[in-house]
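> Everything below, folded, please.
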Amino acid sequence: MPLSKKLIELVEVMSGAGLAIVESTRCSTAGSEAVELVRAPRGGACPLSKKEKIMNLEKIQKKLAEYKYDGWLFYDFQNRDHLGGRILGLDYSKPTTRRWYYYIPVAGVPTRLLSVVERTRLDSLPGEKIMYLSWQERNEALKKILGTPGKVAMQYSPMNEIPYISTADAGTVELIRSFGHEVVSAADLVQEFESLIDENGYQSHVTTGKIVDRIRADAFQLIESHIAEGKKITEIQVANFILESFKENSFATKGVPIVGVNDHPADPHFEPTEANSREIKKGDMILIDLWAKKAVPDGIFYDITWCGYAGKNPPADYVKIFNIVRDSRDAAVELVCSRLSRKEAVYGWEVDNAARNVIDKAGYKNNFIHRTGHSIGRECHGNGVNIDNLETRDSRRLVPGICFSVEPGIYIEGKMGVRSELNVFIKSETEAVITGETQKELVLMNV
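Modelled structure (predicted):
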């Protein structure tokens, strides 16, 4: 069936300033389906209702113009693209058993392409609605929607460099390319519209951080008091103490805090359990890694790691390793701050290099076995730029509104694991801040 005979619906387009419905016209013709038209405001971009606080069509189209992209194609099947869903403000509690597409052109009105089986799935979004029945009709419609071959952004990462972004499957990318388009990565767009933290989010992060820092100090104090009093205390007991403290403060977290002694944290993601938990004794090297956020929809995680020693005189090699890790952490933060102060761009992979170089020069290159840091947001491992040039080469820029961890580590199997983690927030084009307390020396205990 030709596209002209398919149902096309232009939904209400709301004025970003006053939520006024723009002029609409309704018509019908014999032998064809009804067509409803809503005229977009003159000048291009079609603003979105304030009822959707995430989706901002006008800003998206402005960014597309800055990047010189012809449009941004969102695509989903079985709710796989949670990034796109959050950007568009979709309800992902609803099932998606048929493929849908949402195309935002650099100027003008977006288009929704849906199966007739799930025709209302994108009704919350502005734009034309086109429905398909067969796969042939779907492909024909998609080709027409995308128009003249150009640059189309998708949730795709060349060579899968940034796996967080790669939700568009290879077959769909091949399909778009078959229409003559160049598929470009939407990584920077996703960061802009899904990962940036506003002032309320920042304050949530900072407020959470103050309490988490206190809980971390209390955890070390719990260990100290038990050992000093001759009472048994284990890794899992400390982890459970932290979890209970989170509960008392109405915090949300995922997983179990890392509490490990001696060689246990040589596994960076060691998880204490009742079965593997050790008693913490005088003379033990201790690592505690904890993360939490306020249990509210827009709560922002705070994620830190500190190291300590159950005694007053830690082994010289432990102190040496800690100092190298601390200096590595500080070198990464210094690069960010110095670049921004000079109004120069700084990228995730460069910050990773700054930290890694310190550890490499100290002779522990092969003992630093993970990236330097990760994006932080509503998820502990967020979808913005990571501090990484090891596991991936993250070429995204650190921009205002981005929060991330800096957590270099040295791991010596069978002996020790040392990591020092803090969080950094980019407040403006010229300023980055550490959002909580900074560990400068090992936590020592009077036992």
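> all strands for the stretch 51-200 of the chain, in order.
Listed in chain order, the strands of the stretch 51-200 of the chain (DSSP state E, counting those that start in this stretch) span 71-76, 100-105, 111-115, 128-132, 151-154, 182-185.
> next SSE after the strand of greatest length in the chain?
Using DSSP state E to define each element, the chain has its longest strand at strand 285-294. For strand 285-294, the following helix or strand on the C-terminal side (DSSP states H and E) is strand 302-309.
> so how far is residue 203 from residue 357?
34 Å (C-beta to C-beta, to the nearest Å). Yep, even glycine has a C-beta here, placed from its N, CA and C like the rest.
> Show me which of the two is the more surrounded one.
Just comparing residue 357 and residue 203: by other C-beta atoms under 10 Å the higher neighbour count belongs to residue 357, 15 against 12.
> so residue 374 sits right up against residue 402, yeah?
No: with contacts counted by C-beta atoms under 8 Å, residue 374 stays clear of residue 402, the gap being 11.4 Å.
> any residues in contact with both of the two?
By C-beta atoms under 8 Å, 6 or more residues apart in numbering, residue 374 and residue 402 have no common neighbours.
> residue boundaries of the helices in the stretch 301-447 of the chain?
316-341, 348-361 (DSSP state H, counting those that start in this stretch).
> Let me see the contact set for residue 395.
161, 347-349.
> same question, residue 211
249, 251.
> now swap in residue 256 and tell me
239, 243, 271-273.
> change it to 7 Å
Residues in contact with residue 256 (C-beta atoms under 7 Å, 6 or more residues apart in numbering) are 239, 271-272.
> Just the buried ones out of the residues you listed, please.
239, 271-272 (16 or more other C-beta atoms under 10 Å).
> Identify those among the residues you listed that sit within helices.
Members of the buried ones among the contacts of residue 256 lying in helices (criterion: DSSP state H): residue 239.
> tell me which of the buried ones among the contacts of residue 256 is nearest to residue 353?
Within the buried ones among the contacts of residue 256, the smallest distance to residue 353 is 29.7 Å, found for residue 271 (C-beta to C-beta).
> Would you mind listing the residues in contact with the closest one?
Per C-beta under 7 Å, 6+ apart, neighbours of residue 271: 255-256, 258.
> So for residue 94, what's the pLDDT?
Looking at residue 94, its pLDDT stands at 87.
> To clarify, my last question referred to residue 29.
Value for residue 29, per-residue pLDDT: 28.
> Could you measure from the residue nearest to residue 118 when sequence neighbours are not counted over to residue 113?
Leaving aside its chain neighbours, residue 118 sits nearest to residue 98 (4.9 Å; criterion: C-beta to C-beta, 6 or more residues apart in numbering). Remark: distance between residue 98 and residue 113 (C-beta to C-beta) = 11 Å.
> Looking at the two, which is more packed in?
residue 113 (24 against 17).
> What's the separation between the residue found closest to that one once you drop the neighbours it is linked to in the chain and residue 72?
Closest residue to residue 113 apart from its sequence neighbours, by C-beta to C-beta, 6+ apart: residue 101 at 4.1 Å. Distance, residue 101 to residue 72, by C-beta to C-beta: 11 Å.
> So between these two, which is more surrounded?
Taking neighbours as other C-beta under 10 Å, residue 101 and residue 72 compare with residue 72 leading, 27 against 22.
> shaky segments in the protein?
Applying pLDDT under 70 to the chain flags residues 1-54.
> need the longest helix for it.
As assigned by DSSP H, the longest helix anywhere in the chain is helix 199-228.
> Show the contacting residues for residue 438.
residue 422.
> So for stretch 171-179, what gets flagged as buried?
172-173, 175-176, 179.
> In TSV: those, plus distance to residue 299.
Formatted as TSV, the buried residues of stretch 171-179 follow (distance: C-beta to C-beta, whole Å):
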residue	distance to residue 299
172	33
173	34
175	38
176	36
179	41
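> what's the farthest-apart pair in the contacts of residue 395?
Using C-beta to C-beta, the two most remote members of the contacts of residue 395 are 161 and 347, lying 12.4 Å apart.
> Let me have the buried ones among the contacts of residue 256 in CSV, adding distance to residue 368 as columns.
Below are the buried ones among the contacts of residue 256 laid out as CSV (distance: C-beta to C-beta, whole Å):
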residue, distance to residue 368
239, 25
271, 21
272, 23
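> Let me know the closest of the buried ones among the contacts of residue 256 to residue 189.
residue 271 (35.0 Å).
> re the thing from before, please give me every residue in contact with the residue nearest to residue 113.
73-75, 113, 142.
> same check, this time on residue 266
By C-beta under 7 Å, 6+ apart, the contact list for residue 266 reads 411-417.
> Filter those down to just the buried residues.
411, 416-417.
> Now tabulate the residues you listed in TSV and tack on distance to residue 337.
Listed next are those as TSV, based on distance: C-beta to C-beta, whole Å:
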residue	distance to residue 337
411	27
416	30
417	28
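> Closest to residue 248 out of these?
residue 417 (28.8 Å).
> hang on, that closest one packs against residue 411?
Yes: Residue 417 is within contact range of residue 411, at 4.6 Å (criterion: C-beta atoms under 7 Å).
> got any residues that touch both of these two?
With C-beta under 7 Å, 6+ apart, residue 417 and residue 411 have common neighbours 266, 268.
> what about stretch 383-399, start to end distance?
13 Å (C-alpha to C-alpha, to the nearest Å).
> how about that stretch: buried residues?
Under 16+ other C-beta under 10 Å, the buried positions of stretch 383-399 are 383-390, 392, 394-396, 398-399.
> Dump these to JSON lines, plus distance to residue 365.
Formatted as JSON lines, the buried residues of stretch 383-399 follow (distance: C-beta to C-beta, whole Å):
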{"residue": "383", "distance to residue 365": "29"}
{"residue": "384", "distance to residue 365": "27"}
{"residue": "385", "distance to residue 365": "24"}
{"residue": "386", "distance to residue 365": "20"}
{"residue": "387", "distance to residue 365": "17"}
{"residue": "388", "distance to residue 365": "16"}
{"residue": "389", "distance to residue 365": "13"}
{"residue": "390", "distance to residue 365": "11"}
{"residue": "392", "distance to residue 365": "18"}
{"residue": "394", "distance to residue 365": "20"}
{"residue": "395", "distance to residue 365": "22"}
{"residue": "396", "distance to residue 365": "25"}
{"residue": "398", "distance to residue 365": "25"}
{"residue": "399", "distance to residue 365": "30"}
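> With secondary structure added, can I get the contacts of residue 271 in a markdown table?
Formatted as a markdown table, the contacts of residue 271 follow (DSSP: H, G, I helix; E, B strand; the rest coil):
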| residue | secondary structure |
| --- | --- |
| 255 | coil |
| 256 | coil |
| 258 | strand |
